[in-house]
Every structure is written in C-alpha cells, then in structure tokens.
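J.: Structural data only, the sequence is not supplied:
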C-alpha cells in the first residue's frame, strides 16, 4: 500500500489518472474483452496465428478478443483511450508550446509514438480553427442584426404623407408640361471582327469592357442570349468571359457571399502552401545536409499547427471580451516562437538564426501574396 502511494506521488497528474483508470477499468484477467478466456488462436482482422499470451495481434495491432461487443466496452475503451493513448495530444501541445523545436527533433530521431502524428495533428487543429472561426462569425453577424433593430422615423406620419402627396402632384404636372422625349437609341458596340484586329491582351480587355457595360443594362439576358444581341460568336472563350463578368458583378453586390466562398477554400490553400514553405526552409539550410526535405516539412507542419492553436485561443478570447486584440497579440507571439523554434531545431548561433529568420519571413510574405493571388484568380475562374 505504501509503495503504491509513493509511486503515485512521483507521477505526473496525467500518469496518476492513467494509474487510477487502470485500477478501475476491467483488467485482462477480469470479465472485460481483454480477459484470457476470450483470446482466440487467430486474429479476426487479418487471420494471423496467435497464442493465448498475445493480447494484441503483432501483425495489425487489433485486440485479440472473440467476445461480442457491449455498450460498456465502448464506454471503457473511450475513456481509457483519452487518458492513455490520446494523452499524446496533450504531450504534443505541451511540448510545442513550451519547448519550440524540440518536438520535431525528437520526432525525426525516431521517438514517434510519444507524440501525435504531425500531419494528423495539423489537420485536426486547422479544421477546429476554421469551424470555430465560421461559427463565431455567424454568431457575430446575428448579434449585429439583433442589436441594429428597426430604424426609428422621427417625422410625423401625417406631415410625411402631405409632403409625398405634394411632390407627386408636382411630378404629374411636370410630366404633362414637358414634351415627350424620343426613346434613346440602342448603344452600338464594336463587332467581333473589329475587336479581333487588336492584340490578344487588348482584345480580352475590350470584350470585358463591352460585356460589363452590356450586362448592366441587360442583366435579364443569359450569356448566350447576350452574345446573340451583341453579334459575337458563342465560343467557349466568349461565354466564359461573359460568365465571369456576371460573376464579378454578383460578388460585388454580395460581398458577404464572396467572402464566405473564398474563405471556405482557404484551408486547402494553406495545406498546399506548407510544402512550399518547407522548400524555402530547405533552401535556407542547404549546408545542413543532415536534414532531408521531409524533415523540414515536419518542422513546417509543427510550427504551422502551433500557429493555429494560438489563433484558436485568440478568436475565443476575442469573442468573450468583444475585442480584436488577442489574435494580434498571438500573431506577434508566433513570430518570436518561429525564431525560437528555428534556433532550437537547427541549432545555429543567434546571428545566423536571426538572418535566416528575416530572409524566411520575407520569402514567406512574397510566397503568401503570390499564392493568395493565384488562389483568388483560380477560385474565381472555376466558380
């Protein structure tokens, strides 16, 4: 008994919880699915030959048990997994936060079961961030609609009605006095034959100007009908250009929809951007041949994951205190974090690390701007 108590005092809180659960949850010799009497002679998953002493299949790691599933099995395995196997998540967060760069060094050195997989961890925190961001944005928009309320009119209703009636009488009298104007002649646009005489760039620009002007006065027409009216051929290029003109006007008039549309694809852009970011790091550390590209990529996944963790806390605190200060603070904190992570992972002196840190941030800004521009253009063209 005293030995057990002394052992508990030397363990961390997480280890204490694991010891407690192991004493509460069904043991391998009890009535649980891990009991000896339920162990089979072959794995039910991969048919690998097993001994009675094999608690798990050495080939696929499935539990060696022939017992039928019960609800309590799900319950016990769920909590046991959280406080034992998935405690790697807590360990990963703790190491990322307080020891920048250490987790990447240990992971590439082979200590991989100790931490969460960097790829899966990045996907998890990025999904949580964008889901949370979307939910909070919707809540904020609803709050703004509620607080705005109906617009109060300060004018007396009777006076307003009299003024409107007088204005209408003046309008009617003016219409009777003024001569009837002849209808405006339809605007004549350049034919496609004239446009084709221009260079390729001027040709596209001219068509966009014509289609934009024509759509403003004929927005009820479909692209095919509009091209017929203009006398332009219904080629795939002309139809696509006219559609993009229509889409651009729609996005301009519906800015919230446009923002939601582009932000919905942002996680995929960031995900594909990380390999480019890792390539920049690889170019900076060409002399450090001991690191492969995949090891640089692992470092990039770790630091970007921690950025999402900081932003998650930032938007939660912003929402609670109704300010936009915390995301800015955490973003600045990440800049310092990136420097510390580079310093500890690549283990170069301060001067070299600072120089490479500044170069990396410059490359990151240029690359991020280029990627964002390409992303917007591609997303708009494929809409």
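T.: All right, it came through fine. Everything numeric here is computed off the predicted structure, so don't read it as measured data.

J.: Which residues are in contact with residue 308?
T.: 122, 125, 126, 128, 129 (CB atoms under 8 Å, 6 or more residues apart in numbering). Every C-beta, even on glycine, is put in place using the N, C-alpha and C of the backbone.

J.: Out of these, which is nearest to residue 227?
T.: Nearest to residue 227, judged by CB to CB, of those is residue 126 at 42.7 Å.

J.: Pretty sure residue 44 sits against residue 62.
T.: Yes. Counting by CB atoms under 8 Å, residue 62 is a contact partner of residue 44 at 7.1 Å.

J.: coming back round to it: of the contacts of residue 308, buried ones?
T.: Buried by 16 or more other CB atoms under 10 Å: 122, 125, 126, 129, out of the contacts of residue 308.

J.: For the second one, give its distance to residue 139.
T.: Right, the one you point to is residue 125. According to CB to CB, to the nearest Å, residue 125 and residue 139 sit 21 Å apart.

J.: Check the third one too.
T.: In this structure, residue 126 lies at 21 Å from residue 139, with CB to CB as the measure.

J.: What about residue 351, how many residues nearby?
T.: 8 (other CB atoms under 10 Å).

J.: contacting residues around residue 132?
T.: Applying CB under 8 Å, 6+ apart, the residues contacting residue 132 are 312, 315, 316.

J.: Tell me where the model's unsure across the stretch 101-250 of the chain.
T.: Low-confidence segments of the stretch 101-250 of the chain, defined by pLDDT under 70: 145, 147-186.

J.: Buried residues of the host helix or strand of residue 104, list them for me.
T.: For residue 104, the host element (DSSP states H and E) is helix 102-108. Of all the residues in helix 102-108, those buried under the rule 16+ other CB under 10 Å are 103, 104, 105, 107, 108.

J.: Same question for stretch 213-233.
T.: Of the residues in stretch 213-233, 214, 215, 221, 223, 226, 227, 230, 232 count as buried by neighbour count, 16+ other CB under 10 Å.

J.: all strands for the protein, in order.
T.: For the chain, no strands are identified by DSSP state E.

J.: give the contact list for the residue most central in space within the chain.
T.: In the chain, the residue lying closest to the centroid (CA atoms, centre = their mean) is residue 267, at 3.0 Å. Shown in contact with residue 267 (CB under 8 Å, 6+ apart): 126, 127, 130.

J.: For residue 292, state which of these is nearest.
T.: Nearest to residue 292 among the contacts of residue 267, with distances taken as CB to CB, is residue 126, at 24.0 Å.
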